[in-house]
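Undergrad: no sequence on this one, just coordinates:
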């Protein structure tokens, strides 16, 4: 298999979230985390789920990933029910989930090694390609602790993209980064998404981030987590995080979030 | 370079003080032999082969017992960390037995195995196993769950996860546990060798014991030096490379 064939890979997947509910049973009480959530995501769409902390958006992402099971309803990826995590739906986590016992290259290779049908030389080539894509080919041999926060998340992105998943799930991946680094990554993620069409579900509490990245924004409210509104963002790409249009969209989202009874207002600016 | 020089200077000073004390004749030479006498003993013991064969006997027991101890302790630690039942049974047992000084196993080993190599091996294994179990258990328990979650999304199954995520992630704990296990094994073997004579091989502990019986203080101190030296070398050869690796990869403080 050539690098080009491997990179072409399978097309992005269609996702259906079908009446998903989830309860967390704790010692004293049962928390209703998600209440009857339904939506569809088309192939290659960029969805951002936004909502205040505690609205269950990360739980929803875990269910789509297959890391958690819904108590009611189901998630379909290309009409196949999701029961387990799998290589076709990779997750990029909030905190850096990079493995400290491997160097940068080893981390990107981790998922590739688990992918059958490739020779090791091909895996190395693919890993190099993606490190180049995120601009870190010079840091292949670096150790994780030597990288800055932004570089770590770039490696995490390369690691998630390398096995060529059909869906990329991103759980507040830039929340812990400083504003400058984050704005640079918004540009990068849009550029990479243009090149490597994936179905992306991106979870955040930052409305401006949502407006900047999304094709559609799903707005959630807490206790219990409900899907309240869906907004389309029809701005041309690449979008500038600091543009007035983004700010206007963000303001609209903020107003909507404030309107939910009992909900904390989400942050309008980082 | 400067550090090496200072270190050498320190040890030369130690020997000088020792020599000075001997010269001062405060204690009888029977109690405090000169460095020269100790060196003479060591040279003669090397020449007639007793020192080398004793070292070989001791190291064989130590390495064999330690490796068996690791082979038992590591999987047992993984089990106690992953099963509530094993945690409540073997885990509690390990915690209790770890506090038992391993020399306390010697009488039991003698009754069970007699004056044989088996008794020596048993004592070393008992000295190693429990601290390795505890360290492995702690290492696995303190892992951030995010590592296993990330691995699962990339398609890592349970067995793959043990080998490629959980073991390497708990390496800092494993190394310190292995180091502690080594120290315990070494102590317990010395105690056992001093305590009992095994006819199939005379180890360093036996030489130490005979030194006392013969009132040969030069032998006692000479053998003690050899024991210290072996401990130092084991640390430098077995564990230092690992600790350097941990320091480089994890970016943790130099140990």
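TA: Arrived safely, thanks for sending. Note that this is a predicted model, so its numbers are computed, not measured. Numbering: from 1, shown residues only, chains lettered A, B, ... in the order given.
Undergrad: Setting aside sequence neighbours, what's the nearest residue to the residue of chain B found nearest chain A?
TA: As assessed by C-beta to the nearest C-beta, chain A sits closest to residue B:251 within chain B, at 3.2 Å. (Glycine included, C-beta is placed from N, CA and C.) Residue nearest to residue B:251 in three dimensions, not counting chain neighbours: residue A:145, with 3.2 Å by C-beta to C-beta, 6 or more residues apart in numbering or on different chains.
Undergrad: Equivalent analysis for residue A:125, please.
TA: In this structure, residue A:125 finds its nearest non-sequential neighbour in residue A:3, 5.1 Å apart by C-beta to C-beta, 6+ apart.
Undergrad: List the contacts of the one you found.
TA: Neighbouring residues of residue A:3 by C-beta atoms under 8 Å, 6 or more residues apart in numbering or on different chains: A:122, A:125, A:126, A:129.
Undergrad: repeat that with 10 Å
TA: A:122, A:125, A:126, A:128, A:129 (C-beta atoms under 10 Å, 6 or more residues apart in numbering or on different chains).
Undergrad: Over to residue A:193?
TA: By C-beta under 10 Å, 6+ apart, residue A:193 lies in contact with A:44, A:46, A:168, A:200, A:213, A:237, A:238.
Undergrad: which of these are the two that sit furthest away from each other?
TA: The two members of the contacts of residue A:193 with the most space between them (C-beta to C-beta) are A:168 and A:238, at 17.7 Å.
Undergrad: ok, which residues in the stretch 1-150 of chain B are in contact with chain A?
TA: When proximity is defined as C-beta under 10 Å from any C-beta of the partner chain, the stretch 1-150 of chain B approaches chain A at B:144, B:145, B:146, B:147, B:148, B:149, B:150.
Undergrad: and the fifth one, how many neighbours?
TA: Read it as residue B:148. Using other C-beta atoms under 10 Å in any protein chain shown, residue B:148 has 18 other residues around it.
Undergrad: Could you give the bridge partners of residue A:18?
TA: On the basis of DSSP bridges, residue A:18 is bridged to residue A:74.
Undergrad: shouldn't it be in contact with residue A:63?
TA: No - using C-beta atoms under 10 Å, residue A:18 is not in contact with residue A:63, being 11.1 Å away.
Undergrad: For the two, indicate the residue with more neighbours.
TA: Counted by other C-beta under 10 Å, residue A:18 and residue A:63 do not tie: residue A:63 has more neighbours, with 24 against 16.
Undergrad: Please tell me the pLDDT value assigned to that one.
TA: The model reports residue A:63 with a pLDDT of 91.
Undergrad: Now do the same contact list for it.
TA: A:17, A:20, A:22, A:33-34, A:37, A:56, A:69-71, A:73-75, A:82.
Undergrad: How about residue A:218?
TA: Residues in contact with residue A:218 (C-beta under 10 Å, 6+ apart) are A:17, A:37, A:39, A:41, A:47-51, A:57, A:60, A:201, A:203, A:210, A:227-231.
Undergrad: What average pLDDT does stretch B:219-232 get?
TA: In this model, stretch B:219-232 has an average pLDDT of 92.
Undergrad: where do the helices sit along chain A?
TA: Applying DSSP state H to chain A gives helices spanning A:3-8, A:57-65, A:104-113, A:120-133, A:149-161, A:179-195, A:207-213, A:244-259.
Undergrad: closest one to residue B:240 among those helices?
TA: Of all those, helix A:104-113 sits nearest to residue B:240, with 22.8 Å by C-beta to C-beta.
Undergrad: And the residue in the stretch 1-150 of chain A positioned nearest to chain B, how far from residue A:127?
TA: When scored by C-beta to the nearest C-beta, the stretch 1-150 of chain A has residue A:145 as its residue closest to chain B, at 3.2 Å. Note on residue A:145: its distance to residue A:127, by C-beta to C-beta, to the nearest Å, is 20 Å.
Undergrad: between those two, which one's more packed in?
TA: Shown here are residue A:145 and residue A:127; by other C-beta under 10 Å, residue A:127 has more neighbours (25 against 13).
Undergrad: quick one: contacts for that one?
TA: By C-beta under 10 Å, 6+ apart, the residues touching residue A:127 are A:104-113, A:137, A:140, A:158-159, A:162.
Undergrad: Kindly indicate the member of those residues with the most neighbours.
TA: In terms of neighbours by other C-beta under 10 Å, the contacts of residue A:127 top out with residue A:108 at 31 neighbours.
Undergrad: ok, residue B:215 touching residue B:30?
TA: Yes - between residue B:215 and residue B:30 there is a contact under C-beta under 10 Å: 6.5 Å.
Undergrad: Tell me where the stretch 1-150 of chain B has helices.
TA: Using DSSP state H, counting those that start in this stretch, the helices of the stretch 1-150 of chain B run over B:2-24, B:35-47, B:50-82, B:84-86, B:92-98, B:105-113, B:117-141, B:145-153.
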